[in-house]
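Asker: coords please:
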Amino acid sequence: MAIDRVITFLDAHRSVFEEQLKTLLRIPSVSAQSERDNDTRAAAEFVRKDLATIGLNEVALIETKRHPLVYAEWLDAPGQPTILIYGHYDVQPAEPLEPWNQPDPFEPVIRDGNIYARGATDDKGQMFTHLKALEGWMKTVGSLPINVKVLIEGEEEIGGKNLEIFVAENREKLACDYVVISDTSQFALGLPAITYGLKGLAYFELIVHGAKTDLHSGMFGGAVANPLNVLATILASLMGPDGKVRIEGFYDPVRPLLDWERADFAKLPFSEAEFQAKLGVTSLVGEEGYTTLERKWARPTCDVHGLYGGYSGEGPKTVLPCKAGAKLSFRLVPDQDPLAVAEQFKAHVAKVCPPGVTYEIKEHHGAPAVLVGVDSPGVHAAVRAIEAGFGTRPIFMREGGSIPVVGLFKTQLGVDTLLLGWGQDDDNLHGPNEKFSLDDFHRGIKASAHLLAEFTRD
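Answerer: Coordinates of the predicted model:
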């Protein structure tokens, strides 16, 4: 069979693929740092050259207002499905550097079967598995069993605004049956997963203004409103002791968990006690009536991410600040609209804000939640492919994070995304000592190679 020849090729080129991955990881393609713009372009050029070497058609670097997109296609399988493989070559900043267990976060280090470097799992390593799977088919068979389009961007870590423009303007060019993304994780070591649900996001900055300048708290305290006190009052009003968000109408559209989901979540090898111990917290908290996995994956939440105002340096300073602020977000579930949540949040703040101050609300990025049906030909193909590549049948899971591009593809292309994560939840993406298991790297390549063949079975 053709797939057997492909797998033999992949096994024979393990060390070659690892060296190629190291070369890609050495490029410090930090999209958020303008001084790294040349490096970010170099990573795009690396991906473009690799796709051209593989033998795909119409390989191109597509310019945007910031970092280029990389596009390629192979459409010589008439009558067969078309998939769009998406990934990103940009990475998060490596700072702070002190916690890294290596002098240079961009110089890959192999330790205990893992490759350590910024971008190892998010998303260079995972994205690269699909390119190597394509190479396996093209170098052995000379063709692909299905039609494939590849779109790799360089702005995922800074919002992907230019990708949004490109997708909206090129819907026909990007038309496909499914999108395939590997930018998530397995459920646990040795237990691969298909992520069928992602939470949405509504992110805000709340800034409270008081007097026109900072004041002496002894001379003015009790006479004018303290923006920090007001901010604390507003933030405290957002959540109740039962873990529920206290914003009027917030839960009205929330889609409840289905019985089969709650039953399947309960069967997973997850220990709340071990989870608590691993995190080093004294207890687990959240919305009453739901397990930890249910709260993490499928219930909406509210969290404050940062606070500022007044004096926080060494020693005392009895200042009554003129301004205080907080950054906060709501993680959303299916049927919650980020725009509607924004209006609900504004109405709530207007209702609870004490007198004596003014405030402003800045709306940052947002995205709707995503829920993909698990009973489709694409999902069936993915299940078989992962079982072939990893030797274990995958489980279905949701994820508490947000991947806005999944909603973008659904809105603009009208297709579902297959989220096939090869990483682990302790890979430290966005943190120091980011890693990716080399065994999972190669298993991911094989699963991707099988996926191309499995799509022809349904």
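Asker: Going by C-alpha atoms from here, please, whenever you check contacts or count neighbours.
Answerer: Fine.
Asker: distance of residue 62 from residue 225?
Answerer: Counting by Cα to Cα, to the nearest Å, the gap from residue 62 to residue 225 is 53 Å.
Asker: list the contacts for the residue lying closest to residue 365 once chain neighbours are set aside?
Answerer: In space, and not counting its chain neighbours, residue 365 is closest to residue 203: 5.8 Å by Cα to Cα, 6 or more residues apart in numbering. Shown in contact with residue 203 (Cα atoms under 8 Å, 6 or more residues apart in numbering): 327-330, 363-366.
Asker: List the strands paired with the one helix or strand residue 203 maps to, with their directions.
Answerer: Per DSSP states H and E: residue 203 is located in strand 200-209. Strand pairing for strand 200-209, determined by DSSP bridges: strand 323-332 (antiparallel), strand 358-367 (antiparallel).
Asker: okay if I get those as TSV plus mean neighbour count?
Answerer: Shown next, in TSV, are the strands paired with strand 200-209 (neighbours: other Cα atoms under 10 Å):
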stretch	mean neighbour count
strand 323-332	22
strand 358-367	16
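Asker: To residue 413, which of the ones you listed lies closest?
Answerer: Closest to residue 413 of these, according to Cα to Cα: strand 358-367, at 16.3 Å.
Asker: Name the residues that touch that closest one?
Answerer: The contact list for strand 358-367 (Cα under 8 Å, 6+ apart) reads 159, 200-210, 338, 342, 346, 402-404, 407.
Asker: let's see 6 Å
Answerer: With Cα atoms under 6 Å, 6 or more residues apart in numbering as the test, strand 358-367 has contacts from 200-209, 404.
Asker: sorry, back to before: among the strands paired with strand 200-209, which comes closest to residue 130?
Answerer: strand 358-367 (25.9 Å).
Asker: Check the average confidence over that closest one, would you?
Answerer: In this model, strand 358-367 has a mean pLDDT of 92.
Asker: With stretch 31-44 instead?
Answerer: Stretch 31-44 shows a mean pLDDT of 97.
Asker: how about it: buried residues?
Answerer: For stretch 31-44, the neighbour count (16 or more other Cα atoms under 10 Å) marks 31-32, 37-44 as buried.
Asker: gap between it and the chain center?
Answerer: Relative to the chain's own centre, stretch 31-44 is displaced by 20 Å; criterion: Cα atoms, centre = their mean, to the nearest Å.
Asker: got the CA coordinates for stretch 342-349 in PDB?
Answerer: Extracted in PDB, the C-alpha atoms of stretch 342-349 (Å, rounded to 0.1, in the frame of the first residue of the first chain):
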ATOM      1  CA  ALA A 342     -19.400  43.600  26.000                       C
ATOM      2  CA  GLU A 343     -22.800  45.400  26.200                       C
ATOM      3  CA  GLN A 344     -23.800  43.400  29.300                       C
ATOM      4  CA  PHE A 345     -20.400  44.300  30.900                       C
ATOM      5  CA  LYS A 346     -20.800  48.000  30.200                       C
ATOM      6  CA  ALA A 347     -24.300  48.000  31.600                       C
ATOM      7  CA  HIS A 348     -23.200  46.200  34.700                       C
ATOM      8  CA  VAL A 349     -20.400  48.700  35.400                       C
END
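Asker: Buried residues, it. List them.
Answerer: 342, 344-345, 348-349.
Asker: Tell me the one of those residues nearest residue 312?
Answerer: The closest of the buried residues of stretch 342-349 to residue 312 turns out to be residue 349 (Cα to Cα; 25.6 Å).
Asker: ok, back up a step: in CSV: the buried residues of stretch 31-44, plus distance to residue 241 and secondary structure.
Answerer: Putting those into CSV (distance: Cα to Cα, whole Å; DSSP: H, G, I helix; E, B strand; the rest coil) gives the following:
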residue, distance to residue 241, secondary structure
31, 40, coil
32, 38, coil
37, 47, helix
38, 50, helix
39, 48, helix
40, 46, helix
41, 49, helix
42, 51, helix
43, 48, helix
44, 48, helix
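Asker: In JSON lines, list those along with distance to residue 5.
Answerer: Shown next, in JSON lines, are the buried residues of stretch 31-44 (distance: Cα to Cα, whole Å):
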{"residue": "31", "distance to residue 5": "38"}
{"residue": "32", "distance to residue 5": "42"}
{"residue": "37", "distance to residue 5": "40"}
{"residue": "38", "distance to residue 5": "39"}
{"residue": "39", "distance to residue 5": "36"}
{"residue": "40", "distance to residue 5": "35"}
{"residue": "41", "distance to residue 5": "35"}
{"residue": "42", "distance to residue 5": "33"}
{"residue": "43", "distance to residue 5": "30"}
{"residue": "44", "distance to residue 5": "30"}
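Asker: how about the helices of the stretch 251-400 of the chain, start to end?
Answerer: Listed in chain order, the helices of the stretch 251-400 of the chain (DSSP state H, counting those that start in this stretch) span 259-267, 272-279, 292-298, 338-352, 377-390.
Asker: mind checking which of the ones you listed is nearest residue 426?
Answerer: Closest of the helices of the stretch 251-400 of the chain to residue 426 is helix 272-279, at 10.7 Å (criterion: Cα to Cα).
Asker: The residue of the chain most remote from its centre: helix or strand, and which one exactly?
Answerer: Centroid-distance maximum for the chain: residue 219 at 49.0 Å, with Cα atoms, centre = their mean. In the assignment (DSSP H and E), residue 219 maps to helix 217-220.
Asker: Leaving out chain neighbours, which residue sits closest to the spatially most central residue of the chain?
Answerer: Closest to where the C-alpha atoms of the chain average out (Cα atoms, centre = their mean) is residue 403, at 4.5 Å. Nearest in space to residue 403, with sequence neighbours left out and distances taken as Cα to Cα, 6+ apart, is residue 198 at 7.2 Å.
Asker: Contacts only, for residue 241.
Answerer: Counted by Cα under 6 Å, 6+ apart, residue 241 has zero contacts.
Asker: Could you check how far it is from residue 389?
Answerer: Going from residue 241 to residue 389 by Cα to Cα gives 45 Å.
Asker: Ok, residue 410 next?
Answerer: Distance, residue 410 to residue 389, by Cα to Cα: 27 Å.
Asker: which of the two has more neighbours?
Answerer: When residue 410 and residue 389 are compared for neighbours, residue 389 comes out ahead with 21 against 15, by other Cα atoms under 10 Å.
Asker: Test my guess that the more buried one contacts residue 442.
Answerer: No - look at residue 389 against residue 442 with Cα atoms under 6 Å: they stay out of range, at 8.6 Å.
Asker: Out of the buried residues of stretch 31-44, flag the one nearest to residue 55.
Answerer: Comparing the buried residues of stretch 31-44 against residue 55 with Cα to Cα places residue 44 closest, at 17.1 Å.
Asker: Which parts of the stretch 101-250 of the chain are strands?
Answerer: With strands called from DSSP state E, counting those that start in this stretch, the stretch 101-250 of the chain shows them at 109-111, 114-116, 147-153, 178-181, 193-198, 200-209, 215-216.
Asker: Can you give the contact residues for the third one?
Answerer: Okay, so that is strand 147-153. By Cα under 6 Å, 6+ apart, the surrounding residues in contact with strand 147-153 are 69-75, 77, 82-88.
Asker: how distant is it from the center of its chain?
Answerer: Put simply, strand 147-153 sits 18 Å off its chain's centre (Cα atoms, centre = their mean).
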